[in-house]
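> Sequence below, structure please.
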Amino acid sequence: MKISCWFTCLACGAVGLLTTSCASTNTPATANPFGVRISHTNDVLRVELNGKLFTEYYYTNVPRPFCYPLLGPGGAAMTRNYPMLTNAPAEERDHPHHRSLWFAHGAVNGQDLWTERNVSGRIVHRGFTEIASGTQSGVIKTLNDWVDKQGKVLCTDEQTFRFHAPQDDVTWLDFEITLRASNGEVTLGDTKEGTFAIRLAETMRLKPNKDNVGKPTGHIVNSAGVRDDKTWGKRAAWCDYYGPVGTNLVGIAIFDHPANPRHPTWWHVRDYGLFAANPFGQHDFESMSDQRAGDLKIPAGQSVTFRYRVVLHEGDEKQGRIAERYADYVKETSTNNK
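Next up is the predicted model:
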């Protein structure tokens, strides 16, 4: 049913029909509160895990698609509310392009698709190819156009979000993106401004904002054992950022897939709560004179794929067993590739 829907829409060339018919066909109407349920609500996709909100996927009238909020153990809100909410108390209002969880880049054929300035490009939702709920996992698959300020398509992508039913107070999602040079060669330029990113809750920051001075702060650690502000620009297979939300200590880890280009990735992770895997910013991260050292070119008609896992857990990286979970992730991916 999913495949026939996709090819029927593609044959008639109606992207709008693709979005509507595939979404309605592939979203099961189930009252079962257990597992993963994905449903349309007011032009967003609502993702529920075991009957409770986990996140919502925003894709219309936005500079780029994003997931907000991310609700972790005990319902802890683990990402910043701004700019989605402009009146949230005790939050810094810097970097309005930091929208919870997203994928973007600051140099695509010389165009900025990371920020939200007057000269910035956009990532425009084109349609869904699959929306499916399930007892163990649910999936959202999308097609998007990366366009410059004038609306010229620079490249296209296919994104997959796979949400898993929680286990042992741990929630995780898998993200995959295939970037296609569909309109000629694409250069993903060397810049620290990118790429697969999360903006954490204000109380989780390594450096507290003005409303949280004197209160417990967050911490950062990577797979090499490097900690806190020294993790910026370092390469690592995984990175974990943990801190207090309410009365609980919670954390988020990002796993870099071992088959990703330039694994282990560099980390654009900041003391104010930005947390990003960036495989392109080599000259920034390693203080190189060659400002194009980290450029990655996609020849016309070809593609490149990146995969990441996001794990929301209780406690620090030890309590969350992040090193062990990453080892399991590597085994899982190697088994799936056989």
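> Tell me which residues touch the residue lying closest to Asn118 once chain neighbours are set aside, please.
Once flanking residues are discounted, Asn118 sits nearest to Lys149: 7.7 Å by C-beta to C-beta, 6 or more residues apart in numbering. C-beta coordinates here come from the backbone N, C-alpha and C atoms, glycine included. Counting by C-beta atoms under 8 Å, 6 or more residues apart in numbering, Lys149 touches 111, 118-121.
> Weed out the non-buried ones from those.
111, 120-121 (16 or more other C-beta atoms under 10 Å).
> list the buried ones in stretch 287-301?
For stretch 287-301, by 16+ other C-beta under 10 Å, it's 294-296, 298.
> can you count the residues close to the closest residue to Tyr68 other than its chain neighbours?
By the measure of C-beta to C-beta, 6+ apart, the closest residue to Tyr68 outside its immediate chain neighbours is Ser100, 3.6 Å from it. If you count neighbours by other C-beta atoms under 10 Å, Ser100 ends up with 24.
> quick one: Ser100 and Ala77 touch, right?
No - between Ser100 and Ala77 there is no contact under C-beta atoms under 8 Å: 10.0 Å.
> what residues are shared contacts of the two?
With C-beta under 8 Å, 6+ apart, Ser100 and Ala77 have common neighbours 69-70.
> how near is Leu52 to Ile198?
One thing to correct before we go on: residue 52 is Lys, not Leu. Look at Lys52 and Ile198: by C-beta to C-beta, to the nearest Å, they are 20 Å apart.
> Neighbour count: those two, which is higher?
Neighbours per residue, other C-beta under 10 Å: of Lys52 and Ile198, the larger number sits with Ile198, 24 against 10.
> ok, and the closest non-adjacent residue to the more buried one?
Per C-beta to C-beta, 6+ apart, closest to Ile198 is Phe275, 4.6 Å.
> And the helix or strand harbouring that neighbour, what does it pack against?
Element membership for Phe275, per DSSP states H and E: strand 274-278. Under the contact definition 3 or more C-beta pairs under 8 Å, 6 or more residues apart in numbering; DSSP states H and E, strand 274-278 sits against strand 194-199, strand 238-245, strand 248-256, strand 266-269.
> repeat that with 7 Å
strand 194-199, strand 248-256, strand 266-269 (3 or more C-beta pairs under 7 Å, 6 or more residues apart in numbering; DSSP states H and E).
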